[in-house]
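# Got a sequence here, can you build the structure:
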Amino acid sequence: PNLKTTKDVFLNSRKMDFARFRREIYHSASIRKESEVHVDPLLVWTSIRTFCKGSIEALQEPQRVLGKSAFLSLGERRCRLDKAQREVVYDMFLRYQKICNECDLWDECDRITTLISRIQEERRKGSLAFKSVHRNKIYIDEIQDYTQAEICILFLLSGAGDLFMAGDPAQNVVEGVEFRFEDIRSVAYHMSDPGNRELIPQKPKVVTINFRSHSGVMDTAAAILRCMFDAFPYSAKQLTEDRGLFSGPRPGVFHRVQIDRLRSLISEKLNGIVVLVHDSSVQYWKKALGDYPLVYGIRAAKGLEFKSVIILDFFSDLPREFQKPWRNLLLGRTQDTPKLELEGQLKLLYTAVTRCIEQLFFAETTRSSGGDAFVRWITTTTIHVRPTALATRQNVDDVEKMTQTQDEWVASGLDNAEMAESVEETNLEECISFMEKALHCFEQGKDVLLSQKARTHRTALLFRQDILLREIDDNARTTTTTSYYGPNGIVEVRASELMGQLLSEGSLLAALRVVKFSLQYFGDYSRDRLEAIILSEIDAIEQSC
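Next up, the predicted model:
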């Protein structure tokens, strides 16, 4: 429905995410004042997205924004900023909102609140539109990635008794989201009728046996969690430690290993191993490791699992301001409250470790205070009393050659292809990255059919990306390129070729997305014939699946 109080158009070029917030707003003089208490940009962004705009309390306000007094009065277990930091953050938030309104920018919270308003209006009218999206049961994994506002949509589309949610608060690493399982019950409490509180979900049930990773990996993960809970007692609900169902080797540590030796090790002995790095360093490490395709950002890899993993330069790539706090934390020298940013970094490290199934390595190529302390912490029993060290120092020359069967390569390719499909509508660049990894795995597994499908799908994704980039460039120049976009132009011809190829390979959904994306650039005759003959058939097939 058209609601006068909500935004109707959300252009990707106007979207505000954390990277853009930090680059264009946080570091600009328009939002920060020199006299203010310093608050890390990610903590500011998290407060804006989770509390100021994404909380259930904010949704109940007329403007869908949490008031200052309500923000300042949030419990310390829910928002761990102190009073001075909260004052600074809320003032930044007001300036942030002003800039977004003046520049016609939007963030994910704006789109979510618009969607909630529309769902509520259609549900109130009992319309067919609402009945078409209503579900009897909804099953959600990785629930820790959701804000309360996003969880609210799930309740609206089904009901408290019709949801099954699973997640791990210790893997709460999505930028801008602060999660506790109590937040789910809070959403249900605010949305249920006073006389119908039984719809509030039960307290979560806990699973502590890990059927994927062996004890060598899980012991390291558990030690990282203990470190986090000791330093940040309210960082996540303290649960019983996961236990690996099987025993396995301890992780290996390459300390101050040269990049060229690491590159040779990966290409000669560990081909197929996944390299996990900070998301901002992915392109650098791909190039440094000789264009090795299986380099993932830790956040991007969440939800995936890999037979063998190297966590590369986790500490060396951290900003200098965090090196000493990490050293003090790991060596037990912390006297004051640790920097709050370390909580998120601990969760990130835990997430990286738990991606591994069998063979785990840590590699630090350069010296850093945090990295040196971590190597000592994980390879000795002197810092924390343990029967044995969690990991062993490893020599590059002593590593045995890793073998990966063709079936394992293909399985890894399918995992990457599924991840590509899951983000295709929300993050085209990340989707292309996953599809390139899938293609590499299929080629290594010598599966000709899947390799061809992945190659064609990647071409289609790059085609869509090229159109978007040209649109942005044209908007900047305030001109359009008729020969490229116009009837019988390159877009129409290339889209038709790709659609034919995708359909011949049985990739109906990919073909549908290519055509719907580029249909606006087709001539009138071509558009009418596609909609009447082909798109209607594909839509019917898609709805029946």
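# which ones are touching L289?
I259, L262, R263, I266, V275, V295 (CB atoms under 8 Å, 6 or more residues apart in numbering). For the C-beta atoms, the positions are set from N, CA and C on the backbone; glycine is no exception.
# The fifth one should be in a strand, yeah?
What that stands for is V275. Yes. With DSSP: H, G, I helix; E, B strand; the rest coil as the criterion, V275 is located in a strand.
# residues in contact with it?
Contact partners of V275, counting by CB under 8 Å, 6+ apart, are I266, W285, L289, Y292, L294, V295, Y296, V309, I310, L312.
# 6 Å instead, please
By CB atoms under 6 Å, 6 or more residues apart in numbering, the contact set of V275 is V295, I310, L312.
# Now flag whichever of these is closest to P338.
L312 (24.2 Å; CB to CB).
# Tell me what that closest one is bridged to.
Under the criterion DSSP bridges, L312 forms beta bridges with A363.
# That one reaches H278, doesn't it?
No. Using CB atoms under 6 Å, L312 is not in contact with H278, being 9.1 Å away.
# Comparing these two, which residue is more hemmed in?
Neighbours were counted for L312 and for H278 using other CB atoms under 10 Å; L312 has more, 27 against 20.
# distance of that one from L42?
Distance check for L312 against L42: by CB to CB, to the nearest Å, it reads 21 Å.
# After the helix or strand hosting I116, which helix or strand is next?
Assigned by DSSP states H and E, I116 falls within helix 108-125. With elements assigned by DSSP H and E, the helix or strand that comes after helix 108-125 is helix 128-133.
# Pull out the buried positions in that following helix.
Across helix 128-133, burial judged by 16 or more other CB atoms under 10 Å covers F130.
# Mean confidence (pLDDT) on the helix or strand just after that helix, please.
Going down the chain from helix 128-133, the next helix or strand is strand 138-140, by DSSP H and E. Mean per-residue pLDDT for strand 138-140: 91.
# and what of stretch 101-117?
93.
# Span of it from start to end?
Stretch 101-117 has its terminal residues 19 Å apart, counting by CA to CA, to the nearest Å.
# sorry, back to before: run the chain-centre distance for the helix holding I116.
Centroid displacement of helix 108-125 relative to its chain, using CA atoms, centre = their mean, to the nearest Å, is 24 Å.
# Over to stretch 501-516?
Its chain's C-alpha centre and that of stretch 501-516 lie 26 Å apart, by CA atoms, centre = their mean.
# residues in contact with it?
With contact meaning CB under 6 Å, 6+ apart, stretch 501-516 is reached by K453, T456, H457, A460, A495, L498, M499, I538.
# I'd guessed the fifth one sits against F517; true?
Just to be clear, that refers to A495. No. At 8.1 Å, A495 and F517 do not qualify as touching, with contact defined as CB under 6 Å.
# Neighbour count: the two, which is higher?
Neighbour totals were compared for A495 and F517, and A495 leads with 24 against 16 (other CB under 10 Å).
# doesn't the more buried one fall inside a helix?
Yes. Secondary structure of A495 (three-state DSSP): part of a helix.
# For the helix holding I116, list every residue counted as buried.
Buried-residue list, helix 108-125, by 16+ other CB under 10 Å: 108-110, 112-119, 121-123.
# Dump those to CSV, plus distance to V89.
Listed next are those as CSV, based on distance: CB to CB, whole Å:
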residue, distance to V89
E108, 18
C109, 15
D110, 19
I112, 20
T113, 20
T114, 24
L115, 26
I116, 24
S117, 26
R118, 30
I119, 30
E121, 32
E122, 35
R123, 34
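# and stretch 303-315, what's its mean pLDDT?
Stretch 303-315 shows a mean pLDDT of 94.
# Could you export it as PDB, CA atoms only?
Provided in PDB are the C-alpha atoms of stretch 303-315 (Å, rounded to 0.1, in the frame of the first residue of the first chain):
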ATOM      1  CA  GLY A 303      27.500 -20.100   8.400                       C
ATOM      2  CA  LEU A 304      30.000 -22.100   6.300                       C
ATOM      3  CA  GLU A 305      32.200 -25.000   7.300                       C
ATOM      4  CA  PHE A 306      35.600 -26.000   5.900                       C
ATOM      5  CA  LYS A 307      37.700 -29.100   6.200                       C
ATOM      6  CA  SER A 308      40.900 -27.100   6.700                       C
ATOM      7  CA  VAL A 309      41.400 -23.500   7.700                       C
ATOM      8  CA  ILE A 310      44.200 -21.000   8.200                       C
ATOM      9  CA  ILE A 311      43.300 -17.900  10.300                       C
ATOM     10  CA  LEU A 312      45.800 -15.400   8.800                       C
ATOM     11  CA  ASP A 313      47.100 -12.300  10.500                       C
ATOM     12  CA  PHE A 314      44.100 -11.900  12.800                       C
ATOM     13  CA  PHE A 315      46.200  -9.900  15.200                       C
END
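# list the buried ones in it?
Neighbour count says stretch 303-315 has L304, F306, K307, S308, V309, I310, I311, L312, D313, F314, F315 buried, by 16+ other CB under 10 Å.
# those strands in the stretch 351-500 of the chain, which residues are they?
In the stretch 351-500 of the chain, the strands defined using DSSP state E, counting those that start in this stretch lie at 356-364, 392-393.
# right, so of those, which gets closest to M402?
strand 356-364 (6.9 Å).
# Please state the offset of that closest one from the chain centre?
21 Å.
# hang on, the earlier thing: which of the buried residues of stretch 303-315 sits closest to S368?
When these are compared against S368 (criterion: CB to CB), the nearest one is F315, at 5.2 Å.
# Surely that closest one is within a strand?
No. With three-state DSSP as the criterion, F315 is assigned coil and is not in a strand.
# mean confidence score for stretch 221-239?
On average, stretch 221-239 scores 83.
# how about that stretch: buried residues?
A221, A222, A223, I224, L225, C227, M228, F229, A231, F232, S235, A236.
# surely the fourth one meets Y350?
Looking back up the chat, that one is I224. Yes. The criterion here is CB under 6 Å, and I224 meets it with Y350 at 4.8 Å.
# Can you tell me how far the closest residue to L462 other than its chain neighbours is from R64?
Among residues not flanking L462 along the chain, I432 sits closest, at 6.5 Å (CB to CB, 6 or more residues apart in numbering). I432 is 34 Å from R64, where distance means CB to CB.
# Please apply the same query to Y284.
Per CB to CB, Y284 is found 39 Å from R64.
# And the two? Which one has more around it.
R64 (20 against 14).
# what helix or strand does that one sit in?
Using DSSP H and E, R64 sits within no helix or strand.
# dump the residue contacts of it.
By CB under 6 Å, 6+ apart, R64 lies in contact with A58, T113.
# What is the neighbour count of L340?
18.
# ok, R49 - how many residues close by?
Neighbour tally, R49, other CB under 10 Å: 25.
# likewise N101?
Neighbour count for N101, taken as other CB under 10 Å: 10.
# going forward can the numbers begin at 95, since that is how I track them
From this message on, residue numbering opens at 95, which makes the last subject N195.
# any idea which element it lies in?
helix 177-197.
# cool, and Y378?
Using DSSP H and E, Y378 maps to helix 376-382.
# What helices and strands are in contact with that helix?
Other helices and strands packing on helix 376-382, by 3 or more CB pairs under 6 Å, 6 or more residues apart in numbering; DSSP states H and E, are strand 389-391.
# Pull up the pairing partners for the strand it packs on, direction included.
strand 368-371 (parallel).
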